[in-house]
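In: below is the structure, and that's it, no one-letter string:
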């Protein structure tokens, strides 16, 4: 833990200045930065040496191309330049001179392969480690919402229960509604392990007709790491307070240290509960599922005629359902309707008598 971070934590602590000064003195100071090394002077070669080396390099390359070229280089008289052994030895001698003249520090290459191959392997290894580190340190919370239709409500509910058990999850909440003359609706809140999250969604979609599906991902890595850092600092403060408590000389200092220790312990428990909540949300994904009992599945795709037919069928079904509901309502309030009818008859009779 860095010194300035520890000082910021002490500023938030409810304690006297003397106690804060003691706690601050127990924190070791940061090491002074080491002085930067002076850059080494570059090695400069004389211009004359470089010129000789460049000329030797050009001559050696020209002779090497002349010897190994498939086209015979013949002078105007038709004689060859030289025999193959003499040319080869001269070229080797020239390249040795060039190498000695252009001696410079070079990158060492292991025996396992070239520098490019080693760079590629190093890059691949670093990428794999980075991906692994990102996978282990990233904290993601997955949430999904599913709406499913089924003509066989009981069979679909049984299939969902089996899918939850197979995924190793559990049912957090359940709510079922059913009214007279209408279909049933089941609302579920399911928690499944993050490793089985995708497989559970596929199994739940097979329980009926999937009407709607939405997923959300929340990255809480920053919040998680911030809470861990706070807990680390508070734990260090608690340790130092306990050390001061053991060496307290009078009662007033002891009471003050105990008060600060209680405050730090309360903060540790509060932050630890938040960290546990984040850990639980990351380890288990949440799925909100709604199962509706229907007589006909909602068409997902279709032509204009099929959509028109579905609209007519749904309109007639809604009209019949409305008439049924109205009939049930009228039967339910028949005493009120009888009283209103009797009152209307009395008013009409009184008006007739008044006119006469």
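Out: Arrived safely, thanks for sending. Nothing here was measured: the structure is a model prediction, and the numbers come from that model.
In: tell me which helix or strand residue 273 sits in.
Out: Secondary structure from DSSP states H and E places residue 273 in helix 251-283.
In: quick check: mean pLDDT across that helix?
Out: Across helix 251-283, pLDDT averages out at 92.
In: show the pLDDT at residue 34.
Out: pLDDT at residue 34 comes out at 53.
In: please renumber so the chain begins at 614
Out: OK, 614 is where the count begins now, so the last one is residue 647.
In: mind listing the strands for this structure?
Out: Here the chain has its strands, by DSSP state E, at 753-763, 783-791, 797-806, 822-832, 897-906.
In: of these, which approaches residue 937 most closely?
Out: When the strands of the chain are ranked by proximity to residue 937, the top entry is strand 783-791, at 16.1 Å, counting by Cβ to Cβ. Placement of C-beta: from N, CA and C, glycine included.
In: now the angle between strand 797-806 and the closest one, please.
Out: Put simply, strand 783-791 runs at 170 degrees to strand 797-806, going by axes from the mean of the first three to the mean of the last three Cα atoms, to 10 degrees.
In: figure out which of the strands of the chain is closest to residue 950.
Out: Nearest to residue 950, of these and by Cβ to Cβ, is strand 783-791 at 28.5 Å.
In: which stretches of this protein have low pLDDT?
Out: Along the chain, the parts satisfying pLDDT under 70 run over 614-621, 623-628, 640-664, 674, 676-749, 792-795, 912-920, 923, 969.
In: kindly report the domain assignment for it.
Out: 660-686+693-714, 751-911 (automatic domain parsing).
In: point out the most buried one among those.
Out: Ranked by mean neighbour count under mean count of other Cβ atoms under 10 Å, the domains of the chain are led by domain 751-911, which reaches a mean of 15.
In: related to what we said a few turns ago, which of the strands of the chain sits closest to residue 945?
Out: strand 783-791 (18.7 Å).
In: just checking: what are the partner strands of that closest one?
Out: Paired neighbours of strand 783-791 in the sheet (DSSP bridges): strand 797-806 (antiparallel).
In: quick one, the partner strand and strand 753-763 angle?
Out: 150 degrees.
In: list of residues touching strand 797-806?
Out: Residues outside strand 797-806 that contact it (Cβ atoms under 8 Å, 6 or more residues apart in numbering) are 766, 770, 773, 777, 780-791, 813, 896-906.
In: mind listing what residue 926 touches?
Out: Per Cβ under 8 Å, 6+ apart, neighbours of residue 926: residue 909.
In: let me fix that, I meant to ask about residue 635.
Out: residue 857.
In: how far away is it from residue 854?
Out: Taken as Cβ to Cβ, to the nearest Å, the spacing of residue 635 relative to residue 854 amounts to 10 Å.
In: please apply the same query to residue 825.
Out: 55 Å.
In: excluding chain neighbours, what is closest to residue 903?
Out: residue 760 (4.9 Å; Cβ to Cβ, 6 or more residues apart in numbering).
In: tell me the bridge partners for the one you found.
Out: residue 825, residue 903.
In: thought it was touching residue 821?
Out: No: contact criterion Cβ atoms under 8 Å: residue 760 and residue 821 do not qualify, at 9.8 Å.
In: so how far is residue 773 from residue 883?
Out: According to Cβ to Cβ, residue 883 and residue 773 sit 37 Å apart.
In: same question for residue 837.
Out: From residue 837 to residue 773 the distance is 31 Å (Cβ to Cβ).
In: just residue 851 next, same as before
Out: 47 Å.
In: list the contacts of the nearest residue to residue 874 once chain neighbours are set aside.
Out: Leaving aside its sequence neighbours, residue 874 sits nearest to residue 854 (Cβ to Cβ, 6+ apart; 4.7 Å). Listed by Cβ under 8 Å, 6+ apart, the contact partners of residue 854 are 636, 870, 873-874, 877.
In: pick out the most distant pair among the residues you listed.
Out: 636 and 874, at 11.3 Å, using Cβ to Cβ across the contacts of residue 854.
In: thinking again about what came up before, tabulate the contacts of residue 854 (TSV), appending distance to residue 948.
Out: Below are the contacts of residue 854 laid out as TSV (distance: Cβ to Cβ, whole Å):
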residue	distance to residue 948
636	79
870	77
873	73
874	72
877	70
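In: go through these and name the one nearest residue 755.
Out: residue 877 (34.7 Å).
In: coming back round to it: which ones are touching the residue nearest to residue 903?
Out: Counting by Cβ under 8 Å, 6+ apart, residue 760 touches 823-826, 902-903, 905.
In: need the residues you listed in a markdown table with distance to residue 928, can you?
Out: A markdown table is the format used below for these (distance: Cβ to Cβ, whole Å):
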| residue | distance to residue 928 |
| --- | --- |
| 823 | 25 |
| 824 | 20 |
| 825 | 23 |
| 826 | 28 |
| 902 | 29 |
| 903 | 24 |
| 905 | 19 |
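In: can you name the two of those residues that sit furthest apart?
Out: Across the contacts of residue 760 (Cβ to Cβ), the longest gap, 14.3 Å, separates 826 and 905.
In: ok so, going back, residue 965: which of the domains of the chain is closest?
Out: That would be, of these and by Cβ to Cβ, domain 751-911, which comes in at 43.6 Å.
In: now do that closest one: distance from first to last residue.
Out: 39 Å (Cα to Cα, to the nearest Å).
In: swap in stretch 938-958?
Out: First-to-last residue span, stretch 938-958, Cα to Cα: 28 Å.
In: buried ones in that stretch?
Out: Judged by neighbour count (16 or more other Cβ atoms under 10 Å), stretch 938-958 contains no buried residues.
In: ok, the contacts of residue 854 vs residue 910, which is closest?
Out: residue 877 (60.0 Å).
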